[in-house]
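Participant: I would like to see how this sequence folds:
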Amino acid sequence: MTEERLTRRRALAVSGLVLTGGLAGCGSDTGSGPVATPTTPDETATDGTDSEDGSEGEPTHTDGTSDQTAAGTAAFEDLAVRAERIASGFTSPLALAIPQEGRRFVVDQSGQIYLHEDGSLREEPFLDVSDRMVDVSGYTEQGLLGLAFHPEFTENGRLFVRYSAPAREWVPDDYSHTFVLSEFRADPGGATADPDSERIVLEIAQPQWNHNAGAIAFGPDGFLYVATGDGGQGNDQGTGHVDDWYDAVGGGNGQDVTENLLGSMLRIDVDGEASGTPTSGDGGGDTAGSGGPVRDYAVPEDNPLVGSDGLDEQYAWGFRNPWRFSFGPDGRLFVGDVGQGAWEEVSVVERGGNYGWNVYEGTHCFRADDCPDESPRGRPLRDPVIEYPHGGADVSGIAVIGGFLYDGDAIPDLQGRYLFADWRAGGQLYAARETDEELWPTTMVSVESDDQFGPMVLSFGRNPAGELFVCTTASGQVSGESGAVFRLTGA
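Facilitator: Next comes the predicted model:
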């Protein structure tokens, strides 16, 4: 492939994707830096209970440590890949979807989706939703955040996008913006989608500008999975963060399953007929204004909380900021959840699972010397399979970038390994080897390239043959045109 730069001038000064707050793991989300030491929060006792029917597995939590050394982080082998730049000139390429061999769709946070095919990048966007979004100038985690093509896109031309819109009338006055998931239509072989074909599928009131997650993807079951962050700010506390059952740390949305859809993995049916509003939760608890959010979808009957005390769309919960997720070749769901001030984590997520936030950060008690390993209903708080610290180890960083379990042919040494990254890994990648132990061993993966690779990694992509791509940037603020897409091959 040859590389062709974007030549048009951006009309907006587009800003940072993962900076000193939100997505980058942080001890404080008020500008004190990504690795600031958190202060002790005021404790707020709550009496709430959860309903977590359908959770599987056993609790395996370990006690927190202070030396920033995680079990299972020892290198298991020397790994290296080669990165070939296939396109550049983006502002912030934070997602890549490849529904058809040879046609790659790059999501730019500023609001555009670009089509790369036949060795070049089309200058005209495949779709531009910037006129429907909030202003993404400055430091922000808002913007165009996700893209998923329907499994039958080659026949029906349906695609789904996730973006940040201005606050709707029904959004509480002290909230930040509106989470929007929409469907668009396109000629499956065409160069552009129809911008007037938008059908809003899901809206959620977002309390803060950060912790928006953003990834969406269809699972092997044909349902659409949607990641939501805990609402933003820090500690899962503050405006828009409801009370939960855990009293050691006040708040939050991660452990709540009845008031809103935040801090969760959602699972919806975009092919079924919507039966009114599937849930009474509106993203703002019971503080939302009149009107209400769009809920234009059906709910799979086997979602874990259907028919019980909880929101039907919930598939799994207990997340802080599940920025990127993927399905493995065997159908397992891998979710990278960005930590706060000490630990990053990747979990294999199962139906009805509770993944611990804000009781745990990784396998470690969050802001408490001791913490439970199950909810009041006796359901386990699930451990990640991968964790790494914010310092003191070769595999370290501040914001995990979830990747893929590799099953391609181009890199034999990566077969069966989970490839992932950290936002500030300095141009390197990470790999994990599956074991029967509690945490998978991890190691650094060196990257050889004729062009500048990163040094920041934003996202991964996978083609139908199982080969991997990496989206990078050289700017911490995502200004200018330093974003690029690389194809990985054997070194």
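Participant: Can you work out which other helices and strands pack against the helix or strand where Ser446 lies?
Facilitator: For Ser446, the host element (DSSP states H and E) is strand 442-448. Packing contacts for strand 442-448, counted by 3 or more Cβ pairs under 8 Å, 6 or more residues apart in numbering; DSSP states H and E, involve strand 79-90, strand 429-432. C-beta coordinates here come from the backbone N, C-alpha and C atoms, glycine included.
Participant: burial count for the nearest residue to Ala248 once chain neighbours are set aside?
Facilitator: Leaving aside its chain neighbours, Ala248 sits nearest to Ala368 (4.2 Å; criterion: Cβ to Cβ, 6 or more residues apart in numbering). By other Cβ atoms under 10 Å, the residues close to Ala368 number 18.
Participant: Check the spacing between Ala368 and Asp174 real quick.
Facilitator: Taking Cβ to Cβ, to the nearest Å as the measure, Ala368 and Asp174 are separated by 28 Å.
Participant: Equivalent analysis for Gly157, please.
Facilitator: Gly157 is 40 Å from Asp174, where distance means Cβ to Cβ.
Participant: hang on, Asp422 packs against Asp394?
Facilitator: No: between Asp422 and Asp394 there is no contact under Cβ atoms under 8 Å: 11.5 Å.
Participant: With neighbour numbers in mind, choose between the two.
Facilitator: Applying other Cβ under 10 Å to Asp422 and Asp394 shows that Asp422 carries more neighbours, namely 26 against 13.
Participant: Can you list phi and psi of the spatially closest residue to Trp423 that is not a sequence neighbour for me?
Facilitator: Closest residue to Trp423 apart from its sequence neighbours, by Cβ to Cβ, 6+ apart: Ala399 at 4.0 Å. Note on Ala399: backbone dihedrals following degrees, to the nearest 10 are phi -160, psi 110.
Participant: can you check Glu155 too?
Facilitator: phi -100, psi -40.
Participant: ok, now which ones touch the closest residue to it other than its chain neighbours?
Facilitator: Take Glu155 and drop its neighbours on the chain: the residue closest to it by Cβ to Cβ, 6+ apart is Pro188, 7.2 Å away. Contacts for Pro188 (Cβ atoms under 8 Å, 6 or more residues apart in numbering) come out as Gln100, Phe153, Thr154, Glu155, Asn156, Gly157.
Participant: switch to 7 Å and redo it
Facilitator: The neighbourhood of Pro188, defined by Cβ atoms under 7 Å, 6 or more residues apart in numbering, consists of Phe153, Thr154, Gly157.
Participant: quick one: contacts for the second one?
Facilitator: Spelled out, it's Thr154. By Cβ under 7 Å, 6+ apart, the neighbours of Thr154 are Gln100, Pro188.
Participant: in what helix or strand does it lie?
Facilitator: Judged by DSSP H and E, Thr154 forms part of helix 153-156.
Participant: what mean pLDDT would you report for that helix?
Facilitator: Helix 153-156 shows a mean pLDDT of 97.
Participant: in the protein, what spans have low per-residue confidence?
Facilitator: For the chain, applying pLDDT under 70 flags the ranges 1-76, 138, 275-290, 478.
Participant: Chain neighbours aside, what residue packs nearest to the residue sitting nearest the centre point of it?
Facilitator: In the chain, the residue lying closest to the centroid (Cα atoms, centre = their mean) is Trp323, at 1.9 Å. In space, Trp323 comes closest to Val338 once its chain neighbours are excluded; the distance is 5.4 Å by Cβ to Cβ, 6+ apart.
Participant: if we can go back for a sec, from memory the residue nearest to Ala248 sits against Asp247, does it?
Facilitator: No: checked against Cβ atoms under 7 Å, the pair Ala368 and Asp247 is beyond contact range at 9.9 Å.
Participant: so what sits against both of these two?
Facilitator: Counting by Cβ under 7 Å, 6+ apart, nothing touches both Ala368 and Asp247.
Participant: Take the helices and strands packed on strand 442-448 and write them to CSV, including mean neighbour count and distance to Leu266.
Facilitator: As requested, the helices and strands packed on strand 442-448 are exported to CSV (neighbours: other Cβ atoms under 10 Å; distance: least, Cβ to Cβ, whole Å):
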stretch, mean neighbour count, distance to Leu266
strand 79-90, 21, 28
strand 429-432, 27, 26
